[in-house]
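A.B. asks: got a predicted structure plus its sequence, pasted below:
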Amino acid sequence: QGKLVESGGGLVQPGSSLSLSCAASRFTLDHYAVAWFRQAPGKEREGVSCISSYGRSTYYADSVKGRFTISRDSAGNTVSLQMNSLKPEDTAVYYCAADVGLTCDGIHYQSLWKDYWGQGTQVTVSS
């Protein structure tokens, strides 16, 4: 059975960059919309960014627009989230999710993402 594995989290200072990866095991991500969600302590999980199947379209939450970039690799196995100019309010556990039946409009409804979820990776932005 396939799964998603996130990596790339860590502790960084404000203004720094990190690149998160969401790797698919035993399946390819080409046919799937892939979204990044995050959950900060004491807050609800929120949608951050999404890339549709075959990379036709992308979505960014207003809070990360212009700082984060989502992309797919050419092999179809990994979706990355490049995070620049990180702020303390970006501190959260970041999760990726993939679903073959969704577009990025679905990022506003977490319960729709049923096919695959990763285990999460911690991002901490602090001086």
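C.D. replies: Perfect, thanks for sending it. Numbering: from 1, shown residues only.

A.B. asks: list the buried ones in stretch 26-35?
C.D. replies: The neighbour-count check on stretch 26-35 (16 or more other Cβ atoms under 10 Å) flags 27, 29, 32-35 as buried. The C-beta positions use only the backbone N, C-alpha and C, and glycine is treated the same way.

A.B. asks: what about it, distance to the chain center?
C.D. replies: Centroid displacement of stretch 26-35 relative to its chain, using Cα atoms, centre = their mean, to the nearest Å, is 12 Å.

A.B. asks: now do the end-to-end distance for that stretch.
C.D. replies: Stretch 26-35 has an end-to-end distance of 19 Å (Cα to Cα, to the nearest Å).

A.B. asks: quick one: mean pLDDT over it.
C.D. replies: Per-residue pLDDT values over stretch 26-35 give a mean of 93.

A.B. asks: what ranges does the protein have for its strands?
C.D. replies: Counting by DSSP state E, the segments of the chain that form strands are 3-7, 10-12, 18-25, 33-39, 46-51, 58-60, 68-72, 78-83, 92-99, 116-117, 121-125.

A.B. asks: bridged to the spatially most central residue of the chain, which residues?
C.D. replies: The C-alpha lying nearest the average C-alpha coordinate of the chain belongs to residue 36 (Cα atoms, centre = their mean; 2.3 Å). Listed by DSSP bridges, the beta-bridge partners for residue 36 are residue 49, residue 96.

A.B. asks: that one contacts residue 21, doesn't it?
C.D. replies: No. With contacts defined as Cβ atoms under 8 Å, residue 36 does not count as touching residue 21, sitting 10.7 Å away.
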